[in-house]
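Peer 1: Got a predicted structure plus its sequence, pasted below:
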Amino acid sequence: MALIEPEDFRLEKLQELRRLGIDPYGGRFPDTVPLQELVEGFQENEGRTVRAAGRIANLRAMGKASFLDIKDRTGRIQLFFQLDRIGEESFHVHQQLEPGDIVGVEGELTKTRTGEITIFVVTFEVLAKALLSPPEKWHGLRDQEIRYRRRYVDLFTNDEVKALFLKRADIIRAIREFLHARGYVEVETPMMQLIPGGAAARPFATHHNALDTDLYLRIATELHLKRLLVGGMEKVFEIGRVFRNEGISTQHNPEYTLLELYEAYGDYRTMMDLTEGLIAHLARDVCGSLALPFGEAQIDFSPPWPRKGFWELIEEHVGIRRGDAKAIRAKAEQIGLEGALTQDPDWLALHVLDKCVEDRLVGPVFIVDYPKSVCPLARAKPDDPELAERFELIVAGMELANAYTELNDPQEQEVRFRMQVGHEDERERIDRDFLRALACGMPPAGGIGIGIDRLVMALTDRASIREVILFPLLKPQEEPDEKGPTPQ
RNA sequence: GCCCCCUUAGCUCAGUUAGGCAGAGCAACGGAUUCUUAAUCCGUGAGUCCGGGGUUCGAUUCCCCGAGGGGGUACCA
């Protein structure tokens, strides 16, 4: 049995095309003009013979003539098929076309009586026969599950969805250009690692057969990018996927795109300036305004952004003063934090901030100077050594970025790794080669990680991370077919 | 993990108030129509009412269990 079941009426048209000796899955169709250009450049091209290709979005048959709208990546144009113009045979072929099919046409670019820019088709080819019907033309595809599972349908049906992913691509390209213009070098570091480090998250495990070695998908790029600082690549960045084996929510996808960058001889202030500059540039020049809507709120990305102390915010929102371990424990217990009585108070404070403060902040706001014990990779503040030079950037209640003045003292780093607090399974295994790299001398540096998916959410007013990831992870719905991957 | 909500035709959705032959629009099919554009007009067909079990003379509807999805919560420095 076939894995998909085509619709009968479409199969019949497919068979009719084949009977007529026409391959319903044509090949190369050169010399087409993007549809938007045809429409916008109509003045210069009126009356010319043009070639165009696209998917049939709508079809209005009038008996001996019909109008079809086709869409390509740039726009939409109307086609006019007329019996007298193309002859009976061709007209019969054209009657096998349906919404969803992909056609290439050649004809005269002109206007209809009603003034609509239209290609009066002379010849055409069927480039792909669709065996499944596209969604309904008025409402389109609304069902969120189908939108996520069959993103290809979502994309060709819902123009605003395609526009969003084009904007995501624009944002990422603009990030690269911004960084290249400032002398950063883009690199790629291993996704498969022996020790997943640089963050505290459960990793995905895999196995290399030839080496008979367990490997983990990376949870961050930090430790490798710092090795490159040691190697003399003084301004580096990587935009890549990281993988965290944690829950799924409107703000979490198990694989997500992270920008990490490091700049030698800088610190976390350097990173704040850079972040403000970068994101303000993206808002203004890619998204059109420094003030962007997010749900009911309005986010103003005009720099400079407020910088608020970690303890300052806790005092302001929760009323607990720095160092009041008892009050922190009480609050942690009140909000039901696991380990409220046993965990390190700084670790609890971090979670209290996460629960009680962050989602109230519209931002953008930098939360600065975290307790040192919860930042094992960050350098201590010289004038207040219980705090670390770390900030998080909050926008629309989301953690968008996390940055440090990087710790470059190898002995201190080893101690900090060993003292790391938190749950057992959150603790990093110690990456000895990373310590060895630090021991070779790493320049002082500022570094930052920016969650690209959440950044795109903030810039495009989307409440769910699934809206900005082309293929978000969902539970499998169908049985994998015989040749597909088999679950362990 | 827990809580709430959703699942009816290819698509968008009604509906079964209170259990009694399953509904609309679009799409499809047949017909008319050589300038329409949400084309129009006439006609037709279309369903595992998410799955399984229970109650009942009878369940899409009520009850129980389950699946998928959405939202929330927990977890995720």
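Peer 2: The structure has been received and is ready for your questions.
Peer 1: and the closest residue to RNA strand B within the stretch 151-300 of chain A, helix, strand or coil?
Peer 2: For the stretch 151-300 of chain A, the residue closest to RNA strand B is residue A:247, as judged by Cβ to the nearest atom of the strand, at 3.2 Å. For every residue, glycine as well, the C-beta is placed using N, CA and C. The local conformation at residue A:247, judged by DSSP: H, G, I helix; E, B strand; the rest coil, is coil.
Peer 1: Quick one, grab the pLDDT at it.
Peer 2: Residue A:247 carries a pLDDT score of 81 in this model.
Peer 1: Count the neighbours of it for me.
Peer 2: For residue A:247, the count of nearby residues is 7 (other Cβ atoms under 10 Å).
Peer 1: and what of residue A:153?
Peer 2: Neighbour count for residue A:153, taken as other Cβ under 10 Å: 18.
Peer 1: same thing with residue A:105?
Peer 2: The number of residues packed near residue A:105 is 25, by other Cβ under 10 Å.
Peer 1: re the thing from before, any figure for the gap between the residue of the stretch 151-300 of chain A closest to RNA strand B and residue A:388?
Peer 2: Separation of residue A:247 from residue A:388 (Cβ to Cβ, to the nearest Å): 27 Å.
Peer 1: Got phi/psi on the residue of the stretch 151-300 of chain A closest to RNA strand B?
Peer 2: Per-residue torsions, residue A:247: phi -70, psi 160 (degrees, to the nearest 10).
Peer 1: That one and residue A:178, how far apart?
Peer 2: Computed as Cβ to Cβ, the residue A:247 to residue A:178 distance reads 32 Å.
Peer 1: Then residue A:466?
Peer 2: For residue A:466, the distance to residue A:178 (Cβ to Cβ) stands at 27 Å.
Peer 1: now do residue A:47
Peer 2: From residue A:47 to residue A:178 the distance is 45 Å (Cβ to Cβ).
Peer 1: Who has more neighbours out of the two?
Peer 2: Taking neighbours as other Cβ under 10 Å, residue A:47 and residue A:178 compare with residue A:178 leading, 17 against 8.
Peer 1: Now do the contacts for that one.
Peer 2: Contacts for residue A:178 were tallied using Cβ atoms under 8 Å, 6 or more residues apart in numbering; they are A:277, A:278, A:281.
Peer 1: and the host helix or strand of it, which residues are buried?
Peer 2: Assessed by DSSP states H and E, residue A:178 sits inside helix A:159-181. Under the neighbour-count criterion of 16 or more other Cβ atoms under 10 Å, helix A:159-181 has A:161, A:164, A:165, A:167, A:168, A:171, A:172, A:174, A:175, A:178, A:179 buried.
Peer 1: any low-confidence regions in the stretch 1-150 of chain A?
Peer 2: Applying pLDDT under 70 to the stretch 1-150 of chain A picks out residues A:1-4.
Peer 1: Strands along that one, start to end?
Peer 2: A:49-61, A:65-71, A:76-82, A:102-111, A:117-128 (DSSP state E, counting those that start in this stretch).
Peer 1: by contact count, what packs against the second one?
Peer 2: Right, the one you point to is strand A:65-71. strand A:49-61, strand A:76-82, strand A:102-111 (3 or more Cβ pairs under 8 Å, 6 or more residues apart in numbering; DSSP states H and E).
Peer 1: who does the shortest one touch, helix- and strand-wise?
Peer 2: When contacts are defined as 3+ Cβ pairs under 8 Å, 6+ apart, strand A:76-82 packs onto helix A:35-40, strand A:49-61, strand A:65-71, strand A:102-111, strand A:117-128.
Peer 1: So the shortest one, near RNA strand B or not?
Peer 2: No. Residues of helix A:35-40 are not located near RNA strand B by Cβ under 7 Å from any atom of the strand, the shortest gap being 12.1 Å.
Peer 1: Now that helix: buried residues?
Peer 2: By neighbour count on 16+ other Cβ under 10 Å, the buried set for helix A:35-40 is A:35, A:37, A:38, A:39.
Peer 1: what sits against the last one?
Peer 2: Residues near residue A:39 by Cβ under 8 Å, 6+ apart: A:75, A:77, A:117.
Peer 1: Where does the record place the domain boundaries for chain A?
Peer 2: Domain ranges of chain A: A:8-134, A:157-306+A:363-467, per automatic domain parsing.
Peer 1: start to end distance for the first one?
Peer 2: Spelled out, that is domain A:8-134. 15 Å (Cα to Cα, to the nearest Å).
Peer 1: And for stretch A:334-350?
Peer 2: 15 Å.
Peer 1: I'd like the mean pLDDT over that stretch, please.
Peer 2: 77.
Peer 1: how about it against RNA strand B, any contact?
Peer 2: Yes. Applying Cβ under 7 Å from any atom of the strand, one finds stretch A:334-350 touching RNA strand B at A:335, A:336, A:337, A:338, A:350.
Peer 1: if we can go back for a sec, tabulate the buried residues of helix A:35-40 (TSV), appending distance to residue A:82.
Peer 2: Below are the buried residues of helix A:35-40 laid out as TSV (distance: Cβ to Cβ, whole Å):
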residue	distance to residue A:82
A:35	20
A:37	24
A:38	19
A:39	21
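Peer 1: From those, pick the one nearest residue A:11.
Peer 2: Nearest to residue A:11, judged by Cβ to Cβ, of these is residue A:35 at 29.1 Å.
Peer 1: residues touching that closest one, list them.
Peer 2: Residue A:35 makes contact with A:52, A:54, A:70, A:71, A:72, A:74, A:75, A:76, A:77, according to Cβ under 8 Å, 6+ apart.
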